[in-house]
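*Asks:* sequence unknown, structure follows:
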């Protein structure tokens, strides 16, 4: 066994009831339409469709792409892992502050990586990615900062790597909360892979569903990698639930706009309390305060029944990542923060 | 992308209605108790329990082991893949005829392997495994032969490798259909990993559930590997369904004995028709006939609406692997075979 340094997910507490704002779950339930879909799913004694064709059809439609541009996986983490294996050589480029699973995938598959520093204001410096590489991974919006890179800037990275036949992977886990998707660039860029999850936008974290969008030759690469690890990664109930969710765009527009509205006033409230809040296009905010260390604030919130995420790492240890919950929960959190600060 | 030679699963046909005996699915439905379990599963908007604690508790209990001796995964293929990564160095030893995913995992993780030939009668030669290695993988009962290795012989392999601190992985996908499990040896052997699936024995192929049994230090190794690939591999509905299934031993005793009874008369019928049938302790038989080539028989069965599995590979291309279905289905298959042969 190599000494892998594994990814640490946000805790799933069992000791008491928390306002749980630490793993970016959606505060609203998934579409009620999925109950019927679950009832009508194929018999569980049979293997699932290994390619999840119906789900891919629905995911394609939701993004204006044909089904052969879609690959389904057991959560976007699995899709990302398989993409790292399928497309990347040493060294992979990604930001110094981004989804902390990327270096773990590299370690798992023995791929070297190079970190590209974010600017001082935590925006992504596209120019820093214009260097020889074995593949590029960018979370857009980025996590845990919540900050978005404009597609125009992303295209400079895509163009550079297109000429060198290198894959650029855009991880859009949070794109539905207000950012612009790179999916529309797929017809132009045979080197672009866009990865999505239904965990946050579709309130289906418990169902483990993610997918990749790309031109068919890249989808084929992902399928080959899947068939070298687990032929049937997405179970029949997950396929049914995900398909129903992707088809009910109207329901999710309502859910997403509620989360965005809550984020808007919560950011304002934090700012009025003197927090520095990075501009978020996600279902979380990344915020810090001059008067109290983030680690200390994390503990005090926990003591008061509010669970948020703190990363004890260079450049980000002055911030907390706070998931946007319901209006009611966020009002409570705002009141508790006010109390701690006064 | 390395040129991986991926695993090929049995086809999931869509063109017409077949008697489907090609992927070793259970012909009976899973326990009705899982309907309630699915209804009471945790809200899908929340991430699943990353360690599937309740499921591990139930799997441990079903095998007389504590929950900390259990690791849960998204099907036994995922559990096997993570075990290859966590425990094996070059070269891994496995039989020349066995589950064809093993060499694929090796290729995926860049581990070399050595094949140990089965004897002419397709039994496993334990002595062939007593050589320096980076880990041993044995399917017991073996697939696609269906033949079982006695635990006493397995212990010679375990002892040899215990002295050399090498892991021996026993893949017991089919053990519930009449073979003896190595799980009882786990307290004695800190180098033993037993892998199980609920796909066949528990009629839950569609739900993707597998688990490993081992001493806690090995379980910890599997958890580290999981957290380097996908933190939450088993979704909340799968955890709920699997737990309910493992708790309903009485229901599954009935299912398993029906399959075994069907196998008994079907083997007799095949033998009477002049087939050579290897002695099976699984839910499939591996059989060939002197008078007709297996490849030809495969096609003729397919034309008549019966789907079985044919492997065009050295030593096994004279055989078909036929899953045991319901009595009704197997009676039809026996009649069709009779007709083809006459």
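*Replies:* Ah, there it is. Since the model is a prediction, treat every value here as computed from it, not as a measurement.
*Asks:* State the number of residues packed around the closest residue to chain B within the stretch 1-150 of chain A.
*Replies:* Minimum separation of the stretch 1-150 of chain A from chain B (C-beta to the nearest C-beta) falls at residue A:6, amounting to 3.3 Å. Yep, even glycine has a C-beta here, placed from its N, CA and C like the rest. Look at residue A:6: counted by other C-beta atoms under 10 Å in any protein chain shown, it has 17 neighbours.
*Asks:* phi, psi of it?
*Replies:* Phi and psi for residue A:6, reported as degrees, to the nearest 10, are phi -70, psi 170.
*Asks:* Can you tell me the number of residues neighbouring residue A:163?
*Replies:* With other C-beta under 10 Å as criterion, residue A:163 counts 9.
*Asks:* For chain B, see how far away it is.
*Replies:* According to C-beta to the nearest C-beta, to the nearest Å, residue A:163 and chain B sit 19 Å apart.
*Asks:* What distance do you get for that residue to residue A:186?
*Replies:* According to C-beta to C-beta, to the nearest Å, residue A:163 stands 18 Å off from residue A:186.
*Asks:* Now the residue of the stretch 1-150 of chain A closest to chain B: closest residue in space, sequence neighbours ignored.
*Replies:* Leaving out its chain neighbours, the residue that sits closest to residue A:6 by C-beta to C-beta, 6 or more residues apart in numbering or on different chains is residue B:227, at 3.3 Å.
*Asks:* how about that neighbour, what does it touch?
*Replies:* Applying C-beta atoms under 8 Å, 6 or more residues apart in numbering or on different chains to residue B:227 gives the contacts A:4, A:6-9, A:104.
*Asks:* Now which of those residues would you call buried?
*Replies:* Buried members of the contacts of residue B:227, counted by 16 or more other C-beta atoms under 10 Å in any protein chain shown: A:4, A:6-7, A:9, A:104.
*Asks:* give me phi/psi at the residue of the stretch 151-300 of chain A found nearest chain B?
*Replies:* Closest contact between the stretch 151-300 of chain A and chain B, by C-beta to the nearest C-beta, is at residue A:227 (3.3 Å). For residue A:227, the backbone dihedrals (degrees, to the nearest 10) come out as phi -70, psi 0.
*Asks:* What of residue A:73?
*Replies:* phi -140, psi 170.
*Asks:* The closest residue to it other than its chain neighbours - how many residues pack around it?
*Replies:* Leaving aside its chain neighbours, residue A:73 sits nearest to residue A:79 (3.8 Å; criterion: C-beta to C-beta, 6+ apart). By other C-beta under 10 Å, 28 other residues sit near residue A:79.
*Asks:* Relative to residue B:340, how far out is residue A:79?
*Replies:* Per C-beta to C-beta, residue A:79 is found 45 Å from residue B:340.
*Asks:* any chance of the buried ones among the contacts of residue B:227 in JSON lines, plus secondary structure and pLDDT?
*Replies:* Shown next, in JSON lines, are the buried ones among the contacts of residue B:227 (DSSP: H, G, I helix; E, B strand; the rest coil; pLDDT from 0 to 100):
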{"residue": "A:4", "secondary structure": "coil", "pLDDT": "52"}
{"residue": "A:6", "secondary structure": "coil", "pLDDT": "80"}
{"residue": "A:7", "secondary structure": "coil", "pLDDT": "79"}
{"residue": "A:9", "secondary structure": "coil", "pLDDT": "77"}
{"residue": "A:104", "secondary structure": "helix", "pLDDT": "98"}
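*Asks:* Which pair of those residues spans the longest distance?
*Replies:* A:4 and A:9 (14.9 Å; C-beta to C-beta).
*Asks:* Any part of stretch A:323-332 near chain B?
*Replies:* No - between stretch A:323-332 and chain B, judged by C-beta under 8 Å from any C-beta of the partner chain, nothing touches; the nearest distance is 11.0 Å.
*Asks:* and that stretch, which residues are buried?
*Replies:* Neighbour count says stretch A:323-332 has A:323-325, A:329-330, A:332 buried, by 16+ other C-beta under 10 Å.
*Asks:* With respect to residue B:73, which of the residues you listed is nearest?
*Replies:* residue A:323 (27.5 Å).
*Asks:* Tell me the confidence at the closest one?
*Replies:* At residue A:323, the model reports a pLDDT of 98.
*Asks:* Look at the closest residue to it other than its chain neighbours and say how many residues are nearby.
*Replies:* Leaving aside its chain neighbours, residue A:323 sits nearest to residue A:21 (4.0 Å; criterion: C-beta to C-beta, 6+ apart). By the criterion of other C-beta under 10 Å, residue A:21 has 26 neighbours.
*Asks:* Now do the contacts for residue A:21.
*Replies:* Counted by C-beta under 8 Å, 6+ apart, residue A:21 has contacts A:284, A:306-308, A:322-325, A:329, A:333.
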